[in-house]
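**Student:** Here is my input, please return the structure:
(2 chains)
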Amino acid sequence: MSAVVLAELAYWQVSILRVLGLLAAVLLPSGTIVYLFLFKMMSFMQSRLGPMEAGPYGSMQLLAEVGKFLQKEDLFPDGADRKVFAWAPIVVVASTFIMYTVVPFGPDAWFANIPTGIYFALAVSSVSVIGILMAGWASANKYSLMGGLRSAGQLIAYELPLVLAVLGVVIQAGTMDMQGIVAAQRNGEIFGIGFIGNPYIITQFVGFAVFMIAMQAELTQPPFDMPVAESELVAGYLTEYSGFRFLLFFIGEYATAGAFSAIAAVLFLGGWSLPGIGFDADIMNVLGPIVMLTKMMLIVFLVMWFRFTYPRLREDQLQIFAWKYLIPISLVNIAVTAVLKVAF
Amino acid sequence: MTAISERQQRAYIASQAADMRVNVELETEGMTLNIGPQHPATHGTLRIIVKLDGELVVAADPVPGYMHRGYEKLTEVRTYPQVNTLINRIDWLGSFANEVPFILAAEQLMDVEAPPRAQWIRTLLFELSRIANVTLFLGDMAVQLGAVTPVFYAFRDREYVLNLIESATGGRFHPNFDRIGGIKDDLPKGWIAETKQVMVKVNAFCDELEALLLGNEIFNVRTRGIGVIPPEVALSYGMSGANLRASGVDWDHRRDTPVGLVYDKLDWKVWTHPDGDSFARYWVRLQEVREAAKMVIQLCDGLPPGPIMAKVPRIIKVPEGEAWVATENPLGEMGYYVVSKGELVPFRVKIRSASFNNISIVPWLLRGVYVPDVITILASLYFILGDIDR
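**Tutor:** Numbering: from 1, shown residues only, chains lettered A, B, ... in the order given. Okay, here's the model as predicted:
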């Protein structure tokens, strides 16, 4: 249906639809993540109720929070590099938006279909480091500077295991195209059993584990939250931000969580496709986003579970963990995958 | 001792290098970082000036005094019962424990002894305030290390203990319950049974934290071998309490000098740990909460009947003399040196609070550690700002 509708529209109309869809794809999951996990799940794990006043079960709390941030004064510290300080949150949020563009939500529900989609997504995900470094440097605050530098070191260290973990999937699927990876998982089979396809979490479980750990570090969630460690660096690179710019960082953080979990859902959980319904069925353009959202929330649930349970590592321990353990493990994983790919 | 002097030598050279602001290899500058007075890790207004080389601390200098309230001077213009109200505010998490040594010192000067029931209830409330104090540490240490959940469990279970203290004394935080010659009131009806139930919850909380943190690998790598204090150094800096016992020094006022309290009639154990690192300090405190819960149950069972006040005059005038009484408070040794000239008010009161001595080791301990370890060490030393500055 939608394929037909999209074909009849002019290019600019399709583009506007895609941009609106992208906005929804970025903001909807991040809002869900914040309410469902940050407000409610965290509260239940800590034997409290969480927000209960704004709306039924506090469901309007998000609007209240956004309203609060919009009312706050947009502060620039003395001695801050004003231009860089102002642009830093925008760079961070923009990188998140661009990451979402290559994630498919259905046979036609995509924003940009790039043949090397996964490569593109991982490449732009590192752009946010620049934004964080900008924020840390421009704040003219020692805590912010340390936070920014820690963040840069951490994100560079964990970019590698992330890419290497994805490589296993790419080898197995034989394509870098996100739609191709979904199709490969749908059409795959394990030892002849193929009715649910082959979600790569089964064959690439090592890659999945490495991807999840590296993702936790990329998102700077505990136990890898040294850049914003509130008990050490106050709030790291966020210390001097207030009002709307802080809100942008906040959206960026949870939208990135959504983006990474969407990529993980596509790579390891089979993406938007449902067994039993045709791959190109039009109905999947409606069901696909729902399936994706469910899978994303499952993955964010894991991230948040770790977040609320573990203490934080030290910066040097984090680097040791990345370079001495994660990278060798993912290299072995790639080698084994490549051998098995040729063997079967 | 050689290891210490070598270490100090290295730290001295490093701090000299930072002062010259020259790192010979890279020609980088050192950075002076001001942790506090307003900082999440100091839970109060302690200021620590650290000189950094990258993330490595080359020198640290604590600056207390931002919360100095002049209690020692204020006691000189207050009658003895009024002083009691004031000193409640020293260690505000375990307030009742602050009153006891002062009252005991005054009793010593007046040559009064509280009746047995009052002594037992005093000990009971003393241990309850220890639980109220140290459970918060158990959660707070975790939050300093980045785990947010345990602190909520700590607040949840501490609430039961505070309710007990409130129902017995009328004050959640500042009971002001101890009197010269006894205590203000008897325990309310049904309090004993309720206390025993709460102690079950406290024990369950300790088990929960043990499962959540002590077995956690990240907690272990963050605390083991961090901030090691050898026993002789701990003694030379005048440390006391769990910080000292975590360094392997078996020293506890409750067992060694149980003045006016009934610890000698109870079956309990002083826990020590040989390591002296942050993990040991956490572990010792966890065991002490368990031990306190055990003691509270024994105290509930053995509570003798009888009066709760000895005969004391209406208007309290303490005869001329000097007295020093110290007890093992939640934070360590707390003592009052009371000098009386036979008037309504004390002539001079010297307050020896545990935290002030405990943080005096900070400059020695923080040299050569990373910034995150500064937070671990400060959290594990466990100070209350009111107890440092008075």
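**Student:** ok, B:Leu164 - contacts?
**Tutor:** B:128, B:191, B:194-195, B:198 (Cβ atoms under 8 Å, 6 or more residues apart in numbering or on different chains). All C-beta atoms are positioned from the backbone trio N, CA, C, and that covers glycine.
**Student:** one more time with 10 Å
**Tutor:** B:124-125, B:128, B:131-132, B:172, B:187-188, B:191, B:194-195, B:197-199, B:296 (Cβ atoms under 10 Å, 6 or more residues apart in numbering or on different chains).
**Student:** Quickly find the element holding it.
**Tutor:** Taking DSSP states H and E as the definition, B:Leu164 sits inside helix B:149-169.
**Student:** Can you tell me which helices and strands the host helix or strand of A:Val26 packs against?
**Tutor:** A:Val26 belongs to helix A:11-33 when assigned by DSSP H and E. Applying 3 or more Cβ pairs under 10 Å, 6 or more residues apart in numbering or on different chains; DSSP states H and E, we find helix A:11-33 packed against helix A:2-8, helix A:61-71, helix A:82-101, helix A:243-268, helix A:284-309.
**Student:** from the contacts of B:Leu164, which would you call buried?
**Tutor:** B:124-125, B:128, B:131-132, B:172, B:187, B:194-195, B:198-199, B:296 (16 or more other Cβ atoms under 10 Å in any protein chain shown).
**Student:** Show me those residues that map onto helices.
**Tutor:** Mapping those onto helices (DSSP state H) picks out B:124-125, B:128, B:131-132, B:194-195, B:198-199, B:296.
**Student:** can those go into TSV with extra columns for pLDDT?
**Tutor:** Shown next, in TSV, are these (pLDDT from 0 to 100):
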residue	pLDDT
B:Leu124	90
B:Leu125	90
B:Leu128	90
B:Ile131	91
B:Ala132	90
B:Glu194	90
B:Thr195	91
B:Val198	91
B:Met199	91
B:Val296	91
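**Student:** Would you mind listing what in the stretch 51-200 of chain A touches chain B?
**Tutor:** A:142-143, A:145-146, A:149-150 (Cβ under 10 Å from any Cβ of the partner chain).
**Student:** run the last query once more with 8 Å
**Tutor:** Contacts of the stretch 51-200 of chain A with chain B, taken as Cβ under 8 Å from any Cβ of the partner chain, map to A:142-143, A:146.
**Student:** For residue 284, report the pLDDT, please.
**Tutor:** Using chain A. Predicted confidence (pLDDT) for A:Met284: 76.
**Student:** Please refer instead to chain B.
**Tutor:** 91.
**Student:** That one in helix, strand or coil?
**Tutor:** helix (DSSP: H, G, I helix; E, B strand; the rest coil).
**Student:** give the contact list for it.
**Tutor:** With Cβ under 8 Å, 6+ apart, B:Val284 has these contacts: B:242, B:245-246, B:271-273.
**Student:** Now tabulate the residues you listed in CSV and tack on secondary structure.
**Tutor:** Shown next, in CSV, are the contacts of B:Val284 (three-state DSSP):
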residue, secondary structure
B:Ala242, helix
B:Arg245, helix
B:Ala246, coil
B:Trp271, coil
B:Thr272, coil
B:His273, coil
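**Student:** Among those, which one is most surrounded by other residues?
**Tutor:** B:Ala242 (32 neighbours; other Cβ atoms under 10 Å in any protein chain shown).
**Student:** distance of that residue from A:Leu267?
**Tutor:** Noted for B:Ala242: a distance of 49 Å to A:Leu267, by Cβ to Cβ, to the nearest Å.
**Student:** contacts for stretch B:361-373?
**Tutor:** Counting by Cβ under 8 Å, 6+ apart, A:146, A:226, A:229, A:232-233, A:312, A:314-316, B:7-8, B:10-11, B:14-15, B:33, B:48, B:50, B:52, B:55-62, B:222, B:226-227, B:229, B:233-234, B:237, B:239, B:374, B:377-378, B:381 sit against stretch B:361-373.
**Student:** Using neighbour counts, trim these to the buried set.
**Tutor:** Here, 16+ other Cβ under 10 Å leaves A:146, A:226, A:229, A:232-233, A:312, A:314-315, B:11, B:14-15, B:33, B:48, B:50, B:52, B:55-60, B:62, B:222, B:226-227, B:229, B:233-234, B:237, B:239, B:374, B:377-378, B:381 buried among the contacts of stretch B:361-373.
**Student:** Of these, which belong to strands?
**Tutor:** B:33, B:48, B:50, B:52, B:56-60, B:62 (DSSP state E).
**Student:** Spell out which parts of chain B neighbour chain A.
**Tutor:** Counting by Cβ under 8 Å from any Cβ, chain B sits next to chain A at B:31, B:33, B:39-41, B:55, B:142-149, B:152-153, B:156, B:212-213, B:216, B:218-219, B:221-222, B:370-375, B:379.
**Student:** Now the closest residue to chain A within the stretch 101-250 of chain B. Nearest residue, chain neighbours left out?
**Tutor:** Proximity of the stretch 101-250 of chain B to chain A (Cβ to the nearest Cβ) peaks at B:Gly146, 2.8 Å away. If you skip the residues right next to it in sequence, B:Gly146 has A:Arg312 as its closest partner in space, 2.8 Å away by Cβ to Cβ, 6 or more residues apart in numbering or on different chains.
**Student:** my read: the one you found touches A:Val228, true?
**Tutor:** No: using Cβ atoms under 8 Å, A:Arg312 is not in contact with A:Val228, being 10.1 Å away.
**Student:** before we move on, back to that, is it possible to get a markdown table of the helices and strands packed on helix A:11-33 that adds mean neighbour count?
**Tutor:** Formatted as a markdown table, the helices and strands packed on helix A:11-33 follow (neighbours: other Cβ atoms under 10 Å in any protein chain shown):
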| stretch | mean neighbour count |
| --- | --- |
| helix A:2-8 | 12 |
| helix A:61-71 | 14 |
| helix A:82-101 | 20 |
| helix A:243-268 | 24 |
| helix A:284-309 | 19 |
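**Student:** weakest of those helices by average pLDDT?
**Tutor:** What stands lowest among the helices and strands packed on helix A:11-33, in mean pLDDT terms, is helix A:2-8, with a mean of 58.
**Student:** The spatially most central residue of chain A: what's it in contact with?
**Tutor:** By Cα atoms, centre = their mean, chain A has its centre lying nearest to A:Phe260, at 2.3 Å. By Cβ under 8 Å, 6+ apart, A:Phe260 lies in contact with A:99, A:125, A:215, A:218-219.
**Student:** Wait, a helix at A:Ser330?
**Tutor:** Yes: the assignment for A:Ser330 by three-state DSSP puts it in a helix.
**Student:** Does it touch A:Phe208 like I think?
**Tutor:** No: applying Cβ under 8 Å as the test, A:Ser330 and A:Phe208 come out as separate, 10.9 Å apart.
**Student:** what is in contact with these two at once?
**Tutor:** A:Ala165.
**Student:** quick one: which of these two has more around it?
**Tutor:** With neighbours defined as other Cβ under 10 Å, A:Ser330 and A:Phe208 compare such that A:Ser330 has more, 26 against 23.
**Student:** quick one, what contacts the more buried one?
**Tutor:** Per Cβ under 8 Å, 6+ apart, neighbours of A:Ser330: A:161, A:164-165, A:167-168, A:206-207, A:210.
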